[in-house]
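Q: Mind folding the following:
(chains A and B)
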Protein chains: 2
Amino acid sequence: MTDFKFDLLATDGQARLGRVHTAHGVIDTPAFMPVGTAGTVKAMLPGSVAATGAQIVLGNTYHLMLRPGADRVERLGGLHQFMNWPGPILTDSGGFQVMSLAKLRKMDADGVTFQSHHDGSKHRLTPENSMEIQRQLDADITMAFDECTPFPATPQQAAESMRLSMRWAARSKAAFTPRPGYGLFGIVQGGIYPDLRAESAKALLEIGFDGYAIGGLAVGEGQEAMFATLDVTTPLLPEDKPRYLMGVGRPSDIIGAVMRGVDMFDCVMPTRSGRTAQAFTKRGTVNLRNARHQDDPRPLEEGCACPACRDHSRAYLHHLIRSEEILGPMLLTWHNIQAYQDLTRSLRAAIAEGRVEAFAARAAELEAQGDIAAL
Amino acid sequence: MTDFKFDLLATDGQARLGRVHTAHGVIDTPAFMPVGTAGTVKAMLPGSVAATGAQIVLGNTYHLMLRPGADRVERLGGLHQFMNWPGPILTDSGGFQVMSLAKLRKMDADGVTFQSHHDGSKHRLTPENSMEIQRQLDADITMAFDECTPFPATPQQAAESMRLSMRWAARSKAAFTPRPGYGLFGIVQGGIYPDLRAESAKALLEIGFDGYAIGGLAVGEGQEAMFATLDVTTPLLPEDKPRYLMGVGRPSDIIGAVMRGVDMFDCVMPTRSGRTAQAFTKRGTVNLRNARHQDDPRPLEEGCACPACRDHSRAYLHHLIRSEEILGPMLLTWHNIQAYQDLTRSLRAAIAEGRVEAFAARAAELEAQGDIAAL
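A: Okay, here's the model as predicted:
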């Protein structure tokens, strides 16, 4: 079985073209990872997700440990088999969702105790059992258990939170059982404070991980502050390991982050937007619920290979949304995942050809032209 | 362009193997037509519907005239183009759904006035404008506008309702514009009363239609009364025209009706059940919400070619249902449509080989063994 490794294939300024090798296959980077929260990328068959070009999906430890349960997923052959996704899977550590979803959270230096938002049942996550749960799920990429620093946070709050996460990162590393093709990622924290980001990166490098995530961004700080934080963080990370910006983002966020040396992304935005009638296009988002689409025979986006654009009109998509037909979310989710995969595919081509600046400028220009439906 | 016609290819007792030729392709009979109420077979892409073997889908005049509107569908190229279903389409006349869904219905000898269940807007259906709306939708098979006789009904009520429908059938025929490959079906009414069914069939034959539907059944009379009514009705219908039993039914209903000379069926049961966790199998229905499936690694139904059975376990389907994931209804709807298509495909093979009695006996035996999950 292959080792978990990252090949840096080309660079264009800070932007990187690469390939991550995992137990269940390769991931060409820059990569966008569709979110499959509860063992399904919502409203899509796994084969359809793969058809968009996605090579890896994300699973949420918090959701899966509560339902159907990590023991059960393991008994059923692991998450790949359970959800019929034979490619690579990344699982988060559970920490972020405990903070955003669970009830009656109680943090201590060792971990966090909480109640399920489904049924109030009591659970506990620590670095050690987060590693164990992610092993049961059979994640190709395991995330260190950390605390996502809230925003805004004072320098002191951000420092304390980051140092706790660094202690947990060391414990995650100690508890992680290496297997060929399986990797563990550390997560740089420190909020918007460059010195804390530097301290965090240094701590993680001393521990040593197979990849480095940048956490605690896209939590309300705005794109400018996010890019500023990336500018001081990615140069601290080793060239020969993949870099993953967690929970990001809109297409322009992704383009800007790629140009700052980020390789991997995940975000619920394309899937969630697909269920609320929002479509991502090269000219920004379009709300298909709007009545101006009702007689529009044109495809949502010319040249897109997804079935929403290939087989249907904006008028039909509008009709599905208005009629609350399940096919509406199905088609718009597919389109949005396709749009994100097309974006990262275009970024990879642009980096390979040394024209990522021109690509980014053109993408910004197109988006500035505004809503495709107004054309 | 081809003429609308029916080839009777083989018989086995009363059961018939046939082929309907329409402007948009052929329909091998016995055929089950998935219901695409509002221009979509709920929770399925049209290509997936076709992949199950379905050759024709049904559209509902009542739903489509209200939203998106027949004028709009016509402007957008007709229902085939609007919903991206290049094959044959049958539309009902709108009468049945006016009675079951619309508000403030007012019947008169000429037609029915009603308010939309969406927004209270006022509409009217008559034989003449039902024909016009179905032409705008571009239905390959147009249904005559009739009144679905309520059940129970006294002989006098059933007679009066049937005679009104026969007058409307004559007006439907007069208002229908013949086009090559497009057909108009009359609907035999008369409740559970053999003499009224005979009177109705005679009236329709005098008018002359391209096919004959049997209406007013599966409304609460029970399978025995339904079969008894078929026994006295199908012998009255011409051999060289297709016969369509409207709104039926469960697999055993379809098998029994095929053995009584029926060729075509439609029912919301497979799609609606798919959205409520009920799966049709050769051993009857299974409720995937039930906790006994939560650790079951077996496919829903061995040998079924649908993605629910081919790619996933009962445990996973159960998890999707419990988690209210859209993929649950998507997979179970697909399975149920596949199960119905497999049933009619098997019936066609059995008729061709002169073993429909044996097939029916075996199907009844399997269903009597009960729920597949208990095995």
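Q: And what about the closest residue to chain B within the stretch 151-300 of chain A, helix, strand or coil?
A: Residue of the stretch 151-300 of chain A nearest chain B, by Cβ to the nearest Cβ: residue A:297 (5.8 Å). Any C-beta I mention is one placed from the backbone N, CA and C, and that applies to glycine too. Here residue A:297 is coil, with the state taken from DSSP: H, G, I helix; E, B strand; the rest coil.
Q: again, but for residue A:286
A: strand.
Q: quick one, what contacts the closest residue to chain B within the stretch 101-250 of chain A?
A: Closest to chain B within the stretch 101-250 of chain A is residue A:118: 9.2 Å, counting by Cβ to the nearest Cβ. Residues near residue A:118 by Cβ atoms under 8 Å, 6 or more residues apart in numbering or on different chains: A:66-67.
Q: tell me which element it is part of?
A: Using DSSP states H and E, residue A:118 sits in no helix or strand.
Q: now the one 5 residues further on
A: Assigned by DSSP H and E, residue A:123 falls within strand A:122-125.
Q: helices and strands around whatever helix or strand comes next after that strand, which ones?
A: Where DSSP H and E defines the elements, the next helix or strand beyond strand A:122-125 is helix A:127-137. Helix A:127-137 is packed against helix A:61-66, helix A:70-75, strand A:89-91, strand A:141-143, helix A:155-175, with contacts defined by 3 or more Cβ pairs under 8 Å, 6 or more residues apart in numbering or on different chains; DSSP states H and E.
Q: What does the nearest residue to residue A:85 once chain neighbours are set aside show for phi and psi?
A: Spatial nearest neighbour of residue A:85, excluding adjacent residues (Cβ to Cβ, 6 or more residues apart in numbering or on different chains): residue A:46 at 4.9 Å. Backbone torsions of residue A:46, given as degrees, to the nearest 10, read phi -60, psi -40.
Q: residue ranges with poor pLDDT in the stretch 251-375 of chain A?
A: Low-confidence regions of the stretch 251-375 of chain A, defined here as pLDDT under 70, cover residues A:372-375.
Q: can you list the residues of it near chain B?
A: Residues of the stretch 251-375 of chain A found near chain B (Cβ under 8 Å from any Cβ of the partner chain) are A:275, A:294-295, A:297, A:307, A:311-313, A:315-316, A:319-320, A:322-323, A:325-327, A:329-331.
Q: try 6 Å this time
A: A:297, A:311-312, A:315-316, A:319, A:323, A:325-327 (Cβ under 6 Å from any Cβ of the partner chain).
Q: In helices only, show me those residues.
A: If you go by DSSP state H, those have A:311, A:315-316, A:319, A:327 in helices.
Q: Now which of the residues you listed would you call buried?
A: Among these, those buried by neighbour count (16 or more other Cβ atoms under 10 Å in any protein chain shown) are A:315-316, A:319, A:327.
Q: Name the nearest residue to the residue positioned nearest the centre of chain A, ignoring sequence neighbours.
A: By Cα atoms, centre = their mean, chain A has its centre lying nearest to residue A:266, at 1.2 Å. Of all residues not flanking residue A:266 in the chain, residue A:33 sits nearest, at 4.3 Å (Cβ to Cβ, 6+ apart).
Q: what does stretch A:314-328 rub up against?
A: Outside of stretch A:314-328, the residues within contact range by Cβ atoms under 6 Å, 6 or more residues apart in numbering or on different chains are A:277, A:288-289, A:293-296, A:298, A:300, B:38, B:40, B:42-43, B:68, B:76, B:82.
Q: Please repeat the previous calculation with a cut-off of 8 Å.
A: With Cβ under 8 Å, 6+ apart, stretch A:314-328 has contacts from A:43, A:277, A:279, A:288-291, A:293-300, A:308, A:331-332, A:373, B:38-40, B:42-45, B:67-68, B:72, B:76, B:82-84, B:275, B:326, B:329-330.
Q: how about it: buried residues?
A: Under 16+ other Cβ under 10 Å, the buried positions of stretch A:314-328 are A:314-323, A:325-328.
Q: Please report how far the nearest residue to residue A:158 once chain neighbours are set aside lies from residue A:47.
A: Once flanking residues are discounted, residue A:158 sits nearest to residue A:191: 3.6 Å by Cβ to Cβ, 6+ apart. To residue A:47, residue A:191 is 40 Å away according to Cβ to Cβ, to the nearest Å.
Q: more crowded one of these two?
A: residue A:191 (27 against 11; other Cβ atoms under 10 Å in any protein chain shown).
Q: quick one: the helices in the stretch 151-300 of chain A?
A: A:155-175, A:194-207, A:223-233, A:251-258, A:269-274 (DSSP state H, counting those that start in this stretch).
Q: May I see these organised as CSV, with mean neighbour count added?
A: Compiled in CSV, these are given as follows (neighbours: other Cβ atoms under 10 Å in any protein chain shown):
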stretch, mean neighbour count
helix A:155-175, 19
helix A:194-207, 19
helix A:223-233, 17
helix A:251-258, 23
helix A:269-274, 22
